[in-house]
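1. based on what follows, work out the 3D shape:
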Amino acid sequence: MTNLDPAPREQVCTSAPDGPVATSADRGVELVEPRDVPLGGPRAMTVRRTLPSRARSLVGPFCFADHYGPDDVAATGGMDVPPHPHTGLQTVTWLFEGQVLHRDALGSEQTIVPGQLNLMTAGRGVCHSEEGTPALAGASGRLHGVQLWTALPDAHRHGPRDFEHVARVPAAEVDGARVQVFLGSLAGATSPARRYSPLVAAQVDAPAGATVRLPVDPAFEHALLVDTGDVTLDGTAVPPAWLGYVAPGRDAVTLRTGDAPVRAVLIGGTPFDEQVLMWWNFVGRTHEEVVEARAQWQAAIAGDPAGVERFGVVSGYGGGALPAPELPHVRLRPRDR
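-> The predicted structure follows:
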């Protein structure tokens, strides 16, 4: 998924909060409020974005989190994202309902459904398209899921592009809850998906009236993104679409559900010790890197061999590529806190 903001601002991502946070002081749970972002077009599907935000820009290596749906794609047109570039990250696609068709510069063409994982590694550069339109909506006619990005550490961010599809992720049961682990390890289940830093991501489905104690790595920071239901994270209520964050140092997190079942996504990892600069779909380190990546993507759209060599070409998508927004007329730099 791309950031379709026509005037994206730079985001300097660090492991510390970027601004004021709502915190349950007695339990150390930070709450991050989502903001609505239209995913392009006059009938745009709206996503709810919690990362990056003023409250927090990173959870482990996770630097981007969009939560969308349940969306009636016949009414909104769903997701139709033209070929667009990425650098320095992995894109993580996870669905609750519907289908998304992924195409990329490696020649991958993969439809994903709930219970499966699509994982694309950008490395130095890649481009891809994503479609979740009425023709691909499936029986429910709805699209519902999350899109996550992880920042690649410096040792791997200039490497080759790659794509991986996991047809069935492993699952475990904890205190009556079903835990589907699509990245890393949790509750004895380990995803086969490639990772470049210590991390975890899992869907947790808990019944009503449950107390679920999830064992976690105490070296990790964690966040719970709630999809449906009333739930507390270590005693603090986390509303649907919000993110509840807990710092490293605990060997378990406890979820308590209300009168209805809960579905949520738990993400985490060791605090990312590299400062990263995000602008549009590029994750880099400096202003110069972002300027160069934008220029080479524009060159790739025009057919310039150097740009095509870096980002490749998506075949099969029925339309043109997405141009990059204009850069701001100032140097991209860390903002004062």
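2. so Gln180 is in which element?
-> Taking DSSP states H and E as the definition, one finds Gln180 inside strand 177-186.
3. whichever helix or strand comes after that strand pairs with which strands, and in what direction?
-> Proceeding C-terminally, strand 177-186 gives way to strand 189-190 as the next helix or strand, assigned by DSSP H and E. Counting by DSSP bridges, the strands paired with strand 189-190 are strand 177-186 (antiparallel).
4. what's the weakest-modelled helix or strand in this structure?
-> Least confident helix or strand of the chain, by mean pLDDT, DSSP states H and E, is strand 22-24 with a mean of 47.
5. which SSE is immediately downstream of that one?
-> Going C-terminal from strand 22-24, and assigning secondary structure by DSSP H and E, you next hit strand 29-32.
6. how far is stretch 58-71 from where the chain is centred?
-> On the basis of Cα atoms, centre = their mean, to the nearest Å, stretch 58-71 is displaced by 4 Å from the centre of the chain it belongs to.
7. quick one on the thing from earlier: ok, and what's touching the strand holding Gln180?
-> The contact list for strand 177-186 (Cβ atoms under 8 Å, 6 or more residues apart in numbering) reads 92, 94, 115, 117, 119, 166, 169-173, 187, 189-191, 193, 195, 198-207, 210, 212, 214-216, 255, 266, 269. To be clear about C-beta, it is placed using only N, CA and C from the backbone, and glycine gets the same treatment.
8. now, which of the residues you listed lie within strands?
-> Assigned to strands by DSSP state E, the following of the contacts of strand 177-186 qualify: 92, 94, 117, 119, 166, 171-173, 189-190, 199-206, 212, 214-215, 255, 266, 269.
9. what about the longest helix in the chain?
-> Using DSSP state H to define each element, the chain has its longest helix at helix 287-301.
10. which strand or helix spans Asp80?
-> Element membership for Asp80, per DSSP H and E: strand 79-86.
11. the closest residue to Arg310 other than its chain neighbours: what's it in contact with?
-> With Cβ to Cβ, 6 or more residues apart in numbering as the measure, Gly125 is the residue that lies nearest to Arg310, at 4.2 Å, once sequence neighbours are left out. By Cβ under 8 Å, 6+ apart, Gly125 lies in contact with 85-87, 161, 293, 296-297, 310-312.
12. just give me the closest of those residues to Leu148.
-> Within the set of the contacts of Gly125, His86 lies nearest Leu148; the separation is 12.8 Å, counting by Cβ to Cβ.
13. ok, that closest one - contacts?
-> Listed by Cβ under 8 Å, 6+ apart, the contact partners of His86 are 120, 122, 125-128, 281-283.
14. can you tell me how far the closest residue to Arg142 other than its chain neighbours is from Ala206?
-> Distances taken as Cβ to Cβ, 6+ apart put Pro70 closest to Arg142, at 4.5 Å, once the chain neighbours are dropped. Here the criterion is Cβ to Cβ, to the nearest Å. By it, Pro70 lies 19 Å from Ala206.
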